[in-house]
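>>> here is a sequence with its predicted model. Questions after.
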Amino acid sequence: MNDSSTPPEHQEQMTSKEATANAEAAKAQAKAIRPWYKKPLPLIGIVVLFVIGINAVSGGDSNNNPSPAASATSVNEEASAEPDVTEEASAESDPRNTEFGMYSDDQLKFVTTILEARQAIDDAETDLAESVLLRARDKNLCEILKSNSVTNWVGKIKDVGANGDGNAYVEIEIAEQVRVETWNNSFSDLFDETLIPPSSEFFNNLISMKKGDKVTWSATFLSDDNSCLKKGNLTNLFYGLDPQFKVRFTDVK
């Protein structure tokens, strides 16, 4: 009579298959519950991560090391922001550039002649020596003026006002202690006609002007009997040290 139970060999064989199946099932379960960062990445994921890493490195380099074009732009911007020291130094060294304005060449010569003669006149020991020095100075000034008329010279308002008739008088300092001026009263101006009437084209310009204002002016220097220049000073000494020249203005602005 046959035994219906499984032979021992077959039981061992089944036990071995079951063990293998159980091991495979346990391995699959372990893979399923493994954290995402421990799972193997597909090829495309590896490529993406590689590209991201390259971009991060190149981005860091570009931040720390700007491109030549960006560097050139930055240098140009910094250069344009800095003042032009050469131009400023040139303006400061130009003898025509003064506190009274920018002299023309003729005005520079005129003023320089006066300043250079001033000390010699002050040192003169006699009236005769003083007079000789003054005549020599004025002769040089007349050669500079030529026609006695000047255009667009500069200076600062020393005094401005009106006489009793409403005519304007003005005094302009063109260098330290060197002035051009009108008379300030009708009696003294009877023959010279230096006072400025309200009908003058530049009369309104004078209304808003005050002491210290820089102006540009044009005028004709009045002449005297012995000189092409007419002094406003009472004595020759003051005329040598602090000359005041009478002029007829044609424009002040």
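Alright, I've got the coordinates.

>>> which parts of stretch 240-253 are buried?
240-241, 243-250, 252 (16 or more other Cβ atoms under 10 Å). Glycine gets a C-beta too; all of them are placed from N, C-alpha and C.

>>> residue 214 touches residue 102, doesn't it?
No - taking contacts as Cβ atoms under 8 Å, residue 214 lies outside contact range of residue 102: 9.9 Å.

>>> which neighbours do those two share?
Both residue 214 and residue 102 are contacted by residue 154, under the criterion Cβ atoms under 8 Å, 6 or more residues apart in numbering.

>>> among the buried residues of stretch 240-253, name the ones in strands.
Residues from those lying in strands, with DSSP state E as the criterion: 244-250, 252.

>>> who's in contact with residue 245?
So residue 245 contacts 179-181, 221-222, 229-232 (Cβ under 8 Å, 6+ apart).

>>> and those, which two are the farthest apart?
Pairwise distances across the contacts of residue 245 peak at 13.7 Å for 179 and 222 (criterion: Cβ to Cβ).

>>> just the CA trace of stretch 128-136, in PDB.
Extracted in PDB, the C-alpha atoms of stretch 128-136 (Å, rounded to 0.1, in the frame of the first residue of the first chain):
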ATOM      1  CA  LEU A 128      59.800 163.500 -10.800                       C
ATOM      2  CA  ALA A 129      60.800 159.900 -10.800                       C
ATOM      3  CA  GLU A 130      57.200 158.900 -10.000                       C
ATOM      4  CA  SER A 131      55.900 161.000 -13.000                       C
ATOM      5  CA  VAL A 132      58.400 159.500 -15.400                       C
ATOM      6  CA  LEU A 133      57.400 156.000 -14.300                       C
ATOM      7  CA  LEU A 134      53.700 156.800 -14.700                       C
ATOM      8  CA  ARG A 135      54.200 158.200 -18.200                       C
ATOM      9  CA  ALA A 136      56.100 155.100 -19.300                       C
END
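
>>> tell me the domain ranges of this protein?
1-82, 99-252 (automatic domain parsing).

>>> end-to-end on the last one?
Think domain 99-252. Length of domain 99-252, first residue to last, Cα to Cα, to the nearest Å: 18 Å.

>>> buried residues in stretch 102-115?
103, 107-111, 113-114.

>>> hmm, back to that, can you flag which of the contacts of residue 245 belong to strands?
Checked against DSSP E, the contacts of residue 245 include these in strands: 179-181, 221.

>>> any chance of TSV for those, columns distance to residue 141 and neighbour count?
Shown next, in TSV, are the ones in strands among the contacts of residue 245 (distance: Cβ to Cβ, whole Å; neighbours: other Cβ atoms under 10 Å):
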residue	distance to residue 141	neighbour count
179	14	20
180	12	23
181	16	20
221	9	21
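
>>> identify, from those, the entry nearest to residue 153.
residue 180 (8.2 Å).

>>> which residues touch the closest one?
Contacts of residue 180 by Cβ under 8 Å, 6+ apart are 155, 171-172, 174, 217, 219, 221, 244-247.

>>> swap in 6 Å and give it another go.
Residue 180 makes contact with 172, 245, 247 under the criterion Cβ atoms under 6 Å, 6 or more residues apart in numbering.

>>> let me have the residues you listed in JSON lines, extended by distance to residue 150.
Formatted as JSON lines, these follow (distance: Cβ to Cβ, whole Å):
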{"residue": "172", "distance to residue 150": "12"}
{"residue": "245", "distance to residue 150": "11"}
{"residue": "247", "distance to residue 150": "9"}
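
>>> so which of those comes closest to residue 200?
residue 247 (14.1 Å).

>>> so that closest one makes contact with residue 217?
No - applying Cβ atoms under 6 Å, one finds residue 247 not in contact with residue 217, separated by 8.6 Å.

>>> lowest-scoring secondary structure element of the chain by mean pLDDT?
Across the helices and strands of the chain, mean confidence by mean pLDDT, DSSP states H and E is lowest for helix 43-64: a mean of 50.
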